[in-house]
Structures are given as structure tokens and as C-alpha cells.
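[1] sharing a sequence plus its predicted fold:
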Amino acid sequence: MTAKAPLVAILDDEPEIRRMLQDALEEAGLRTLAYARATEFEAALNRVTPDVCLVDLGLPDRDGLALVHRLALESGAVIIIISGRAQVQDRVTGLELGADDYIIKPFDPAEVVARVRAHLRKGRSGTERVAQEARFEGWTALFDRYLLVNKDGAEVAFSHAEGEVLRLFLESPKRLISRAQMQESLGGAAGDSFDRAMDVRISRLRTKLGEDPKNPLLIKTIYGAGYIFLGDVVWA
């Protein structure tokens, strides 16, 4: 049986942009669903599971950033913001809330297709490279369910973006990971926005792992060099 093409869900209240994105993505061999309102989009998520969500922030019926944050916590989809908000702080906030990428309007549809394909390739290679479950220091990371489970069975959800960082650490325990290596592995443009997004994701992972922010035991910052994950890791 032939595998289905990846599904891209588009949420934008501008009909021209929805049509333009659908045409470009379907021409590239991807399946699409498009929605004008957040309520329609959220209702559809009960029936379909997209691989990628393209989300506009300027929605008529919902705060776009709040929706991005919910998607990051509850779905396993890649989340790409498409917005006319071009300020650095807007991009940083979107990434902090769990988005995987941020594209500024106006854009070339070919760029969107290229970004979508890049994230899908990264996701497939990650799935093939390692198992979906890892155990470390009393914790179990379930990457297929986006959950951390402690030794007492309590569950803590993590976002797709946080999971990418956690996987990077668990794949290379007790080895220095530089900012440059993180940028090369996780993608995105190097610079202050990327660094700030990484700082926030790592801070949130530390919180979820019950780390003391002043003296973390698992994810150590090596100032001026990068990070080291100090736990023993066993992949299931």
C-alpha cells in the first residue's frame, strides 16, 4: 500500500493566501486542508492529524499565539507561524511558545514549501535514527506521545520544539553541545532570536524535570561554550 503524502493544515483568514499555499503545497505533492477560522481548525483536529500546521497570528476569532501554544503542548505537528508581524520580539515570542519556524508576510510560496519539506525531512530522519522512548535518572521520555513520565508515574507534557532539544541532549549525553551545533541540528537562522528561543526551551525543560534553576544537575550550562546533559541515558 502506498503511504499517504504528509498533511499540511493551513489556518489563515485571507482567501488568497489560503489558495496560494494550497496550490504550491499540492503541486509539491503534499496534501492540504485549509481553514479561515480557529474554531473550524480546532474542530477539525478532532478528526484529522496534520503533520504540519501553518498558522497565521492575525485571526478574527482567536489569539494566534495562544493557539500556537496549545498546539505545541497538545499536538505532535510541526508548527510554522506565517504572519505580517515582522518585529524580532514577535518572532521570539512565537518560538518561545512552541513554534518550530516563523515566516514573515509577504513571502514566496516556494520558500514555504522548502521550509515545510525541511522540517518533514528532519522529523523522518529523527524517527529513523533513534527509538521513541528513552530512560534517564528516574524519567522516561516518550517522544511519540510528547510526554515525560517520572518514577511515580506522573506525566508532564512537552512541546514539539522542546522535544527536539531534549532529543538532542539525550542522543549525546555527557558531551558538550555548542550553540553552533544546536543551530545546525535544529535549524533556524543563527543569531539572538535563535539563542533566546533555545534559552527558553532549555529553561522550560529544566522546570519540567524539576531542576533547581540556580544549580541544575542534568542540563548544565557551560558559559561561553554550550550545554552538557549529565544523565545516564538508555534508549528503549
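    Looks like it arrived, so ask away.

[2] next, residue 138: phi, psi?
    Torsion angles at residue 138 (phi, psi; degrees, to the nearest 10) stand at phi 90, psi 0.

[3] give me the pLDDT value at it.
    Looking at residue 138, its pLDDT stands at 94.

[4] residue 171 versus that one, what's the distance?
    19 Å (Cβ to Cβ, to the nearest Å). From N, CA and C alone the C-beta is placed, and that goes for glycine too.

[5] now swap in residue 203 and tell me
    In terms of Cβ to Cβ, residue 203 sits 20 Å off from residue 171.

[6] would you map out the domains in the chain?
    With domains defined by automatic domain parsing, the chain comprises 7-128, 130-235.

[7] more neighbours: residue 138 and residue 171, which one.
    When neighbours are counted by other Cβ atoms under 10 Å, residue 138 and residue 171 differ, and residue 171 comes out ahead with 17 against 12.

[8] would you mind giving both backbone torsions of that one?
    phi -80, psi -20.

[9] what's the pLDDT at it?
    On the pLDDT scale, residue 171 gets 91.

[10] just residue 183 next, same as before
    81.

[11] what about it, neighbour count?
    16.

[12] any idea how far it is from residue 221?
    16 Å.

[13] just residue 118 next, same as before
    Applying Cβ to Cβ to residue 118 and residue 221 gives a distance of 28 Å.

[14] same deal with residue 97?
    22 Å.

[15] ok, now residue 88?
    23 Å.

[16] show me where this structure dips below the pLDDT cut-off.
    1-3, 122-131, 187-193 (pLDDT under 70).

[17] and the most centrally placed residue in it, what does it touch?
    With distances taken as Cα atoms, centre = their mean, residue 161 lies nearest the centre of the chain, 3.1 Å away. Residue 161 sits next to 72, 79, 95, 98, 99, 100, 197, 201 when contact means Cβ atoms under 8 Å, 6 or more residues apart in numbering.

[18] doesn't it belong to a strand?
    No - under DSSP: H, G, I helix; E, B strand; the rest coil, residue 161 sits outside any strand and is assigned helix.

[19] next, the contact list for the residue nearest to residue 5 when sequence neighbours are not counted, please.
    Distance criterion Cβ to Cβ, 6 or more residues apart in numbering; nearest residue to residue 5, sequence neighbours excluded, is residue 31 at 5.0 Å. By Cβ under 8 Å, 6+ apart, the residues touching residue 31 are 4, 5, 6, 7, 8.

[20] would you list the phi and psi of residue 31?
    Residue 31 adopts backbone torsions of phi -90, psi 150, taken as degrees, to the nearest 10.

[21] about what we covered before: and among the domains of the chain, the most buried is which?
    domain 7-128 (a mean of 18; mean count of other Cβ atoms under 10 Å).

[22] I'd like the distance from it to the chain centre, please.
    Mean-position distance between domain 7-128 and its chain equals 11 Å (Cα atoms, centre = their mean, to the nearest Å).

[23] just use 304 as the starting number from now, easier for me
    New numbering, starting at 304: the last item is domain 310-431.

[24] does residue 508 belong to a helix, a strand or coil?
    Quick answer, by three-state DSSP: residue 508 is helix.

[25] how near is the residue nearest to the centre of the chain to residue 375?
    The spacing between residue 464 and residue 375, counted by Cβ to Cβ, is 6 Å.
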